[in-house]
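[1] sequence and predicted structure are below.
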Amino acid sequence: MSSTRIEKDSMGTMEVPSDALYGASTQRAVLNFPVSGQRFGREFIRALGLIKLGCAEANLELGRLSEERVALIRRAAQEVIEGQLDQHFPVDIYQTGSGTSTNMNINEVIGNRCSQLAGTAVGSKTPVHGNDHVNMGQSSNDIIPTTIHVAVGTLLHDSLLPALTNLHAALDKKAVEFWDVIKIGRTHLMDATPVRLGQEFGGFAQQIEYAKVRAANALAAIEELPLGGTAVGTGLNCHPDFPGIVIRHVSQQTGITFREAANHFEAQAAKDGLVQASGQLKTIAVSLFKIANDIRWLSSGPRCGIGEILLPETQPGSSIMPGKVNPVMCESVMQVCARVIGNDTTVTWAAANGNFELNVMMPVLAHSILESINLLANVANVFCEKCISGIQANVPRCNELVEYSMAMVTSLAPIIGYDKAAEIAKTSAKTGKTVREICREMQILPEAELAKALDPVAMTEPGGEGAAGG
């Protein structure tokens with residue numbers, strides 16, 4: 001059994017693991033919330049460290065903290081930012097709804113790390129006190145929502161937007177590569193008129209181009225920070241210049257143009273910007289689901305399905321059927337999308353619980369939206385690398401299905417009339433013969449005119465209708 005030490009908070013003494021940098025308040029939270037075993041992730045802890053560092057620098061600039069104390073806080077906060085102290089953040093996600101336990105956690109960790117650096121006893125609260133110095137000018141009620149915005153913004157800026165940019169480039173490249181491949185289109189899952197495989201992939205690329213815009217919109221929705229409102233939005237115990245200085249430091253560290261909230265009561269009581277951001281993520285997930293599902297179907301078979309494209313083989317697909325290869329990357333994408341869509345519901349309900357001056361479901365909101373961004377960024381990268389970039393067109397199969405499709409008769413309708421064209425289509429379905437073969441047997445048109453009318457390339461072009469004219 002590991003040894004303990006005694007630390008004290010406003011409620012009295014508490015036994016804390018001797019090797020822990022957190023103190024009594026954090027230990028109470030550990031004991032109170034043994035719920036999920038899930039903790040805040042790296043991005044959130046990093047953002048929290050960035051903000052505490054910015055707060056110390058601001059208090060130094062305002063003459064409220066000494067250079068000696070700030071130097072210690074600076075070193076400790078930098079270790080938090082770099083992930084060196086992650087093991088000292090043990091509080092469950094499903095904790096106090098304001099995230100106060102996690103704010104106290106970092107205050108205690110930085111304070112105790114400062115004691116170590118200064119050569120004083122851990123738990124002595126000298127020369128740096130967690131509440132008096134690390135938390136100076138702050139409240140959990142403005143620090144935690146600020147941290148959510150900074151963490152979300154950083155992940156969007158550094159992870160999701162680059163991942164979507166790469167995926168868009170890969171799809172756009174395939175759209176060019178596949179431009180001359182003619183295949184059958186499908187509506188209602190049934191044969192329709194021909195399209196270019198490049199047109200299909202161009203549609204996918206455009207979806208991801210819009211996804212980039214939506215990710216940028218999500219970032220814009222969370223650039224206002226609640227910092228400076230302290231407990232209820234009034235800014236009690238906070239120097240009026242404090243939030244602006246902190247936000248300047250955070251913006252310099254992240255490369256994102258954060259700004260102080262226009263109205264601190266809105267910023268702390270409501271989480272509408274995060275709902276908007278999550279909604280954009282949900283839309284991106286819907287786009288990715290559509291793309292992955294279409295690619296899965298287009299590659300189905302490979303011999304007894306559609307089989308118009310060939311996916312890279314990444315792993316064996318069956319423990320019983322030798323040689324079977326499955327569209328596993330598409331399936332991974334689709335599962336991520338399902339999770340993101342579910343997370344959006346969690347974000348929505350959590351954000352709706354803003355009662356009077358404070359929202360009290362922030363930890364689960366933060367966990368859900370950060371998970372969504374991480375999942376989308378990661379899966380977009382692997383989808384691009386392990387699937388999209390290696391897709392090949394199965395040109396013979398595309399040609400075969402185009403010629404065999406009854407929908408080829410569509411370009412004849414303006415020439416011979418809808419009813420006659422429908423009769424040919426039904427005959428094709430009944431006999432298994434192609435539209436071209438039936439037209440020749442029925443001598444519908446001279447061969448040259450028939451070839452022009454049934455040219456699948458012309459059918460893929462704007463206004464393309466074979467020999468039909470206007």
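    Yes, it's here.

[2] give me the contacts around the host helix or strand of residue 167.
    Residue 167 belongs to helix 161-177 when assigned by DSSP states H and E. Contact with helix 161-177 is made by 198-199, 201-202, 204-205, 208-209, 211-212, 215-216, 219, 284, 291, 376-378, 380-381, 383-384, 388-389, 391, 393, as judged by C-beta atoms under 8 Å, 6 or more residues apart in numbering. Glycine gets a C-beta too; all of them are placed from N, C-alpha and C.

[3] same check on stretch 7-16?
    With contact meaning C-beta under 8 Å, 6+ apart, stretch 7-16 is reached by 4-6, 22-28, 123.

[4] what about these, which are in helices?
    Of the positions in the contacts of stretch 7-16, 24-28 sit in helices, assigned by DSSP state H.

[5] run a quick check on residue 146 versus residue 223, I expect a contact.
    No. Counting by C-beta atoms under 8 Å, residue 223 is not a contact partner of residue 146; they are 11.5 Å apart.

[6] looking at these two, which has the bigger crowd around it?
    residue 146 (31 against 17; other C-beta atoms under 10 Å).

[7] ok so the more buried one is a helix residue?
    Yes. Using DSSP: H, G, I helix; E, B strand; the rest coil, the assignment for residue 146 is a helix.

[8] give the contact list for it.
    Contacts for residue 146 (C-beta under 8 Å, 6+ apart) come out as 51, 225-227.

[9] ok, now residue 392?
    Counting by C-beta under 8 Å, 6+ apart, residue 392 has contacts 309-310.

[10] how close does it sit to residue 64?
    64 Å (C-beta to C-beta, to the nearest Å).

[11] who wins on neighbours among the contacts of residue 146?
    Counting by other C-beta under 10 Å, top hit in the contacts of residue 146: residue 227 with 33 neighbours.

[12] about what we covered before: wait, which of the contacts of residue 146 is closest to residue 118?
    Of all these, residue 118 sits closest to residue 51, with 22.5 Å by C-beta to C-beta.

[13] could you give me the average pLDDT of the helix or strand hosting the closest one?
    Using DSSP H and E, residue 51 falls within helix 42-61. For helix 42-61, mean pLDDT is 98.

[14] rewinding a little: so which of the ones in helices among the contacts of stretch 7-16 wins on neighbours?
    Neighbour-wise, the ones in helices among the contacts of stretch 7-16 (other C-beta under 10 Å) top out at residue 26, 28 neighbours.

[15] next up, the contacts around it.
    16, 20, 90-91, 101, 104-105, 108-109.

[16] let me know the angle separating the longest helix along the chain from helix 161-177.
    When the chain is parsed with DSSP H, its longest helix is helix 272-298. Orientation of helix 272-298 against helix 161-177 (axes from the mean of the first three to the mean of the last three C-alpha atoms, to 10 degrees) gives an angle of 30 degrees.

[17] from the middle of its chain, how far away would the following helix or strand past helix 272-298 be?
    Per DSSP H and E, the first helix or strand lying C-terminal to helix 272-298 is strand 309-310. Chain-centre distance of strand 309-310: 27 Å, with C-alpha atoms, centre = their mean, to the nearest Å.
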